[in-house]
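**Student:** the following comprises the amino acid sequence and a computationally predicted model.
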Amino acid sequence: MPQTSFSLKSAKQQLTRLLNEIQDLLQDGDAFKDPWQYPTESGEIFRYILYNKAKVRNIIDALAFKEQAIQMLYANATSRMEDIKKETMTEGSELECNFDLYWNEKNGDMILDTSAAMRHRLEQRIVELDCQEAASKLDILNFKDRRGTSQLYTELDQPTEHSALPITPIQHPPRHDTTETPT
């Protein structure tokens, strides 16, 4: 039993560490719940978008990694307890009961659900950043297009030395009177 309880103790310690790390990441993710405060300068907006996308993506990836690690540890622990249960029913049941109590006290399921919901919200925030990035790029293109078009019209409206072309009167060939009567 000492080796088995140590194994369970080790699993609990690892799970506790990972659950705490997820809670820290959830706090980091909460920092991105407020609306984005985009800078007004075009050069700054792209840096802002790239920086925040990278930061949010890192939180999403870390949450997913920690969730997966917890699920693997949890599955390994329950599998090990099932094996022990097959050998000695009372010892396995006692370990299983102890582990379930631990998991409920730590709110393991709630933390995993909250983490999945946070990842979903952060994915939505990345979509918002992607949309803002696309809109900003379009604004820049439209601005350049408007500036180029208005500049073109301004240049066309300005008289130049070649714009005043001399107008030569049209010279018609002499008219031949065709009213002669045939003889």
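**Tutor:** Cool, the structure landed.

**Student:** from now on I want contacts and neighbour counts done on CA atoms only, so please keep to that.
**Tutor:** OK.

**Student:** number of nearby residues for Ala75?
**Tutor:** 12 (other C-alpha atoms under 10 Å).

**Student:** sorry, wrong one. I was asking about Arg125.
**Tutor:** Counted with other C-alpha under 10 Å, Arg125 comes out at 21.

**Student:** may I have the secondary structure class of it?
**Tutor:** Here Arg125 is recorded as helix under DSSP: H, G, I helix; E, B strand; the rest coil.

**Student:** and it, what pLDDT?
**Tutor:** We have a pLDDT of 97 for Arg125.

**Student:** now swap in Gly92 and tell me
**Tutor:** At Gly92, the model reports a pLDDT of 81.

**Student:** that one - nearest residue in space that isn't next to it in sequence?
**Tutor:** Lys85 (3.8 Å; C-alpha to C-alpha, 6 or more residues apart in numbering).

**Student:** what residues are up against the one you found?
**Tutor:** Listed by C-alpha atoms under 8 Å, 6 or more residues apart in numbering, the contact partners of Lys85 are 91-93.

**Student:** Asp34: which of those is nearest?
**Tutor:** Ranked by distance to Asp34 (C-alpha to C-alpha), those are led by Ser93 at 46.6 Å.

**Student:** and the helix or strand harbouring that closest one, which residues are buried?
**Tutor:** Under the criterion of DSSP states H and E, Ser93 resides in helix 89-105. Neighbour counts using 16 or more other C-alpha atoms under 10 Å place 91-93, 95-96, 99, 103 of helix 89-105 among the buried residues.

**Student:** next: stretch 126-138.
**Tutor:** Per 16+ other C-alpha under 10 Å, stretch 126-138 contains these buried residues: 126, 128-129, 132-133.

**Student:** the helices in this structure, which residues?
**Tutor:** 2-30, 42-87, 89-105, 108-157 (DSSP state H).

**Student:** can you give me the angle the last one makes with helix 42-87?
**Tutor:** What separates the directions of helix 108-157 and helix 42-87 is an angle of 160 degrees, with axes from the mean of the first three to the mean of the last three C-alpha atoms, to 10 degrees.

**Student:** what is helix 108-157 packed up against?
**Tutor:** Packing partners of helix 108-157 (3 or more C-alpha pairs under 8 Å, 6 or more residues apart in numbering; DSSP states H and E): helix 2-30, helix 42-87.

**Student:** can you read off the pLDDT for Thr78?
**Tutor:** 92.

**Student:** how close does it get to Leu63?
**Tutor:** Here Thr78 is placed at a distance of 22 Å from Leu63 (C-alpha to C-alpha, to the nearest Å).
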